[in-house]
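*Asks:* Curious how this folds, go ahead:
(chains A and B)
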Amino acid sequence: MQDREDALIGSRIAKLERLREKGIDPYPPRYRRSTDTASAIAEFEAWESKVSETDGEEVPAPQHSLAGRVVSMRVMGRAAFLDIRDGSGSVQAMFRQNVLGDQYELLRDLDLGDFIGVSGGMLRTRSGEVTIEAQQVTVLAKGMRPLPEKFHGLRDVEIRYRQRYLDLISDPEIMSAFTQRSKVINGIRRFLDDRGFLEVDTPILVPVAAGAHARPFDTHHNALDQRLYLRIATELYLKRLIVGGFDKVYELGRVFRNEGIDQDHNPEFSLLESYEAYADYNDVMDMVEAMISRVSQEVRGSMQIPYGEDIIDFTPPWKRVSFKEELHRRSGLDIDQHPDDASLVRAALERGVQIEAGARESRGRVLDKLLSAFVEPHLVQPTFILDYPEVMSPLAKAKPGMPGYVERFEAFAAGMEIANSYTELNDPAVQRERFEVQEHIRQAFQDEEVDRLDEDFLTALEYGMPPTGGLGIGIDRLVMLITGQSTIRDVLLFPQMRVRREERSDSDTE
RNA sequence: GGCCCGCUAGCUCAACUGGCAGAGCAACGGACUCUUAAUCCGUAGGUUCUCGGUUCGACCCCGAGGCGGGUCACCA
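*Replies:* A predicted model of the protein is given here:
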């Protein structure tokens, strides 16, 4: 409150009142601009080259009404230059007292950050900048708070995330990263639509949070008096649709996992899942390569993308290596030599993998840790890891001729997992057994992140699901790779932040 | 959650070993009709994140807390 007063007090309130006294509405309902600033400049430059060709013939310069935010002002007595920015770019506006007359006095009531409309003729100044000379100035929206400093911009990362609009105003590169994010998502949609996939929406509020290893957020529905969860995956609903007869479906939506926050985790994140009947994980691998390389080409104009110290090359085909063999090669550990859990834990400990004594360290978790420790850091260039142990993958179909393993791949790049895919398990009896194993592990190891049994899904499978290839892609991480951002916070417009204590309501505190 | 680092004017940053909290930009007043981070002269602006302690004296030292970042653990 105090802070708010301070920021508002001062000249801006006085200016606002002065405008009103002059009968000017500082927040008029609309303004008709003739075009945006980028188009106005392009049109003027086209006009210039036409004039030079026609050599002396009288062609009047274009007139325009342009609108935008005042981002800088250079006032020099009876003339002034203002930079006006809109979504397309910015243009310089020239104000001159002899042209504007009384309206020139408006300058005294303008601040950086205000939105104005300027109409007049386009010209090029002596110093060579395309400029609109104001014949009419309209206040469109008065800003009541000062913007971050124009030269250094906004460095305070906390403000950058809490007040992203200020970050967007001050940093064109951030705005560009978010524009690219939108293009990535749009490119994925077009890719899948072109291949005949149908985009669907499945429930976000679900009675069972199944389909992934993660702790869910829970909530309560009053009218039904029923506990509900926010979905942690879309997998089991999308497979119900395959059962229902759709051959190719996908959903690109938000999922929620009640877990830690760091450079590549946010509690809500965007997940693409797709399911294709009569396909297997080999087909899906081909599709992932094609999709990501195409999107990279579309958004960045290249399949080679600089990321940190590296250049990630998405050009297909990507390297394909088996889980078991790659782990063996990197760690010297052959997991098949350690069929019992105790022996595997010992072998992992011998190699320096940190494992808490007892709690939560099921075989699946130990295997995952081994992969993270020995293999993932080396997966800089796009790589598919194939054929995972069954205990890690309750929803994937067994690999023929390889007992204990399933047809699953994960794709990695820059050491990050970006995709996960199975030849989907469609035998309802086997699926039930797998779920029961998971339930057992969850209870035995007190591990809330282990997958849950979804009885309705099993019923669906019992009606028959065709052989199907499924896919999940973490969209935020993919956007990080394609836009070169090192933290997920810079590809999420509003990353999750802790509410400041004094702002919390009573219900927030435990 | 552990450890490390940060928090000073609206913004970007200074402030020696504990000794009067400063600068640039923004703001305000003035000069200036082709400027480009405009320039020049002047003015104002502070709960140094919060609370407590040590001290003649604390932005600085100590304790507790808040928020953020990094890192380790965990998850996609």
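
*Asks:* give the contact list for A:Tyr281.
*Replies:* A:Leu386, A:Glu407, A:Arg408, A:Phe409, A:Ser421, A:Tyr422, A:Thr423, A:Gly469 (C-beta atoms under 8 Å, 6 or more residues apart in numbering). Placement of C-beta: from N, CA and C, glycine included.

*Asks:* now with 6 Å?
*Replies:* By C-beta atoms under 6 Å, 6 or more residues apart in numbering, the contact list for A:Tyr281 reads A:Glu407, A:Phe409, A:Ser421, A:Thr423, A:Gly469.

*Asks:* And those, which is closest to A:Val353?
*Replies:* Using C-beta to C-beta, A:Phe409 is the member of those that lies nearest A:Val353, at 22.9 Å.

*Asks:* for whatever residue of the stretch 351-500 of chain A ends up closest to RNA strand B, helix, strand, or coil?
*Replies:* Residue of the stretch 351-500 of chain A nearest RNA strand B, by C-beta to the nearest atom of the strand: A:Arg498 (3.1 Å). Here A:Arg498 is recorded as coil under DSSP: H, G, I helix; E, B strand; the rest coil.

*Asks:* A strand includes A:Glu158, no?
*Replies:* No - using three-state DSSP, the assignment for A:Glu158 is helix, not a strand.

*Asks:* Show me which positions of the helix or strand hosting A:Tyr161 end up buried.
*Replies:* Using DSSP states H and E, A:Tyr161 maps to helix A:157-162. Buried residues in helix A:157-162, counted by 16 or more other C-beta atoms under 10 Å: A:Arg160, A:Tyr161.

*Asks:* Against which helices or strands is it packed?
*Replies:* Of the remaining helices and strands, none touches helix A:157-162 by 3 or more C-beta pairs under 6 Å, 6 or more residues apart in numbering; DSSP states H and E.

*Asks:* What residues does the residue of the stretch 351-500 of chain A closest to RNA strand B make contact with?
*Replies:* A:Arg498 makes no contacts at all, as judged by C-beta under 6 Å, 6+ apart.

*Asks:* ok, now how distant is it from A:Arg162?
*Replies:* Separation of A:Arg498 from A:Arg162 (C-beta to C-beta, to the nearest Å): 10 Å.

*Asks:* and what of A:Val249?
*Replies:* Per C-beta to C-beta, A:Val249 is found 37 Å from A:Arg162.

*Asks:* thinking again about what came up before, let me have the contacts of A:Tyr281 in a markdown table, extended by secondary structure, pLDDT and distance to RNA strand B.
*Replies:* Converted to a markdown table, these look like this (DSSP: H, G, I helix; E, B strand; the rest coil; pLDDT from 0 to 100; distance: C-beta to the nearest atom of the strand, whole Å):
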| residue | secondary structure | pLDDT | distance to RNA strand B |
| --- | --- | --- | --- |
| A:Glu407 | strand | 96 | 18 |
| A:Phe409 | strand | 96 | 13 |
| A:Ser421 | strand | 96 | 12 |
| A:Thr423 | strand | 97 | 18 |
| A:Gly469 | strand | 97 | 19 |
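
*Asks:* just the buried members of those?
*Replies:* Taking 16+ other C-beta under 10 Å as the criterion, what is buried in the contacts of A:Tyr281 is A:Glu407, A:Phe409, A:Ser421, A:Thr423, A:Gly469.

*Asks:* can you pull the contacts of the third one?
*Replies:* If you count contacts by C-beta under 6 Å, 6+ apart, A:Ser421 has them with A:Tyr281, A:Val284, A:Phe409, A:Leu471.

*Asks:* Same check on the fourth one?
*Replies:* For A:Thr423, the contacting residues are A:Asp280, A:Tyr281, A:Lys397, A:Glu407, by C-beta under 6 Å, 6+ apart.

*Asks:* same thing but at 10 Å, please
*Replies:* Contact analysis of A:Thr423 by C-beta atoms under 10 Å, 6 or more residues apart in numbering lists A:279-284, A:396-399, A:406-409, A:467-470.

*Asks:* Tell me which of those fall in helices.
*Replies:* Under the assignment DSSP state H, the contacts of A:Thr423 contribute A:Tyr281, A:Asn282, A:Asp283, A:Val284 to helices.

*Asks:* And the residues you listed, which of them are buried?
*Replies:* Neighbour-count burial (16+ other C-beta under 10 Å) applied to the ones in helices among the contacts of A:Thr423 gives A:Tyr281, A:Asn282, A:Val284.

*Asks:* For the first one, give its distance to A:Arg160.
*Replies:* The reference is to A:Tyr281. Using C-beta to C-beta, A:Tyr281 is found at 40 Å from A:Arg160.

*Asks:* next one: the last one
*Replies:* Taking C-beta to C-beta as the measure, A:Val284 falls 37 Å from A:Arg160.

*Asks:* Hmm, A:Asp286 is touching A:Pro317, no?
*Replies:* Yes - with contacts counted by C-beta atoms under 10 Å, A:Asp286 reaches A:Pro317, the gap being 8.4 Å.

*Asks:* coming back round to it: dump the buried ones among the ones in helices among the contacts of A:Thr423 to TSV, plus distance to RNA strand B.
*Replies:* Below are these laid out as TSV (distance: C-beta to the nearest atom of the strand, whole Å):
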residue	distance to RNA strand B
A:Tyr281	17
A:Asn282	22
A:Val284	17
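
*Asks:* Contacts only, for A:Gly121.
*Replies:* Taking C-beta under 10 Å, 6+ apart, we find A:Gly121 in contact with A:Phe44, A:Pro60, A:Ala61, A:Pro62, A:Gln63, A:His64, A:Val99, A:Thr131, A:Ile132, A:Glu133, A:Ala134, A:Gln135.
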